[in-house]
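S.K.: A predicted structure for the sequence below; I have some questions about it.
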Amino acid sequence: MFGKKDSIRAAAFVLIFGIAALLSMRVNFSQVLGAPNQQFTVFQFFGPIAGGFLGAGFGAVAVLGAQVLNMALFGSNIVLLDVLRLFTMVGAVVYFGMVAKNKFPAAIAGVCFVLFVIHPVGGQAWVYALYWLIPIGAAFFGNNLIARSLGATFTAHAIGGILWLYFPPTPIAATPGFWLALIPVVAFERLLFAGGIAASYIALNSALYRIEIARKALNIEPKYALLLK
């Protein structure tokens, strides 16, 4: 449990993280295929690590809060899909923050897999959902940063995939061909995101490990802190 001072320090980290998240959400990385008004942002590269430093619960709250604030400040013509999409990153945070000690987060991707293959369109493109076996397999290597990062980004991908399948933003997203065409794109995109998650986690661990109050208030993993002399 945090003491009063540690709670204040953790709250300060949440504030700093929130500001960084807001800034990163304003920098687009790539277009979300099949949804002209949806973008992947730089936030995809470090959002999940909040679960590592704050734990799954507080990390999810921090990330959800930052996304809601971003939507409130900069959103326009908000639709249901925009709101539901907030939970893709929340799923990634929960996975990244919990999987080293608990395999439960892997069930998120498992549920998404089932929902995909039982759908009339998804059932015709079921091979696409094989990507979501990655978080399940990675859960057995939860102490490995690369496995955690891959599992986190593919958990977000699984949630997003189900949202796109059941609430298609454009007519083409409701066709099997759309999903099959995305398979090579997803591999490239998610490997980049996983690499960014791992790199940002190492960088922040390295920086925060040198700060005593951060070591007391946050979950910092010394093995991922590069102690440069």
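M.R.: Nice, thanks for sending it over.
S.K.: Buried residues in stretch 86-99, which are they?
M.R.: Across stretch 86-99, burial judged by 16 or more other Cβ atoms under 10 Å covers 87-99. Using the backbone N, CA and C atoms, a C-beta is placed for each residue, glycine as well.
S.K.: Give the rounded mean pLDDT of the longest helix anywhere in the chain.
M.R.: Of all segments of type helix in the chain, defined using DSSP state H, the longest is helix 176-209. Across helix 176-209, pLDDT averages out at 91.
S.K.: buried ones in that helix?
M.R.: Result for helix 176-209 [16+ other Cβ under 10 Å]: buried residues 178-179, 182, 186, 189-190, 192-194, 196-198, 200-202, 204-206, 208-209.
S.K.: Under the pLDDT cut-off, which ranges of this protein? List them.
M.R.: Along the chain, the parts satisfying pLDDT under 70 run over 1-10, 28-40, 76, 213, 227-229.
S.K.: hang on, the earlier thing: the longest helix of the chain: what's the following helix or strand?
M.R.: Downstream of helix 176-209, the first helix or strand assigned by DSSP states H and E is helix 212-217.
S.K.: one step back: for the longest helix of the chain, enumerate the helices and strands it packs against.
M.R.: helix 50-74, helix 145-166, helix 212-217 (3 or more Cβ pairs under 8 Å, 6 or more residues apart in numbering; DSSP states H and E).
S.K.: separation between residue 63 and residue 182?
M.R.: Noted for residue 63: a distance of 25 Å to residue 182, by Cβ to Cβ, to the nearest Å.
S.K.: Can you dump the C-alpha atoms of stretch 157-177 in PDB for me?
M.R.: C-alpha atoms of stretch 157-177 as PDB (Å, rounded to 0.1, in the frame of the first residue of the first chain):
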ATOM      1  CA  HIS A 157      -5.800  -5.100 -31.600                       C
ATOM      2  CA  ALA A 158      -8.200  -7.900 -30.600                       C
ATOM      3  CA  ILE A 159     -10.600  -5.500 -28.900                       C
ATOM      4  CA  GLY A 160     -10.400  -3.100 -31.800                       C
ATOM      5  CA  GLY A 161     -11.000  -5.900 -34.300                       C
ATOM      6  CA  ILE A 162     -14.100  -6.900 -32.600                       C
ATOM      7  CA  LEU A 163     -15.400  -3.300 -32.500                       C
ATOM      8  CA  TRP A 164     -14.700  -3.000 -36.200                       C
ATOM      9  CA  LEU A 165     -16.400  -6.300 -36.900                       C
ATOM     10  CA  TYR A 166     -19.600  -5.700 -34.900                       C
ATOM     11  CA  PHE A 167     -19.800  -1.900 -35.500                       C
ATOM     12  CA  PRO A 168     -18.200  -1.500 -39.000                       C
ATOM     13  CA  PRO A 169     -17.300   2.100 -39.700                       C
ATOM     14  CA  THR A 170     -17.600   1.700 -43.400                       C
ATOM     15  CA  PRO A 171     -19.300  -0.900 -45.700                       C
ATOM     16  CA  ILE A 172     -16.000  -2.400 -46.800                       C
ATOM     17  CA  ALA A 173     -15.200  -3.400 -43.100                       C
ATOM     18  CA  ALA A 174     -18.200  -5.700 -43.300                       C
ATOM     19  CA  THR A 175     -16.600  -7.900 -45.900                       C
ATOM     20  CA  PRO A 176     -14.300 -10.900 -45.500                       C
ATOM     21  CA  GLY A 177     -11.900  -9.500 -48.100                       C
END
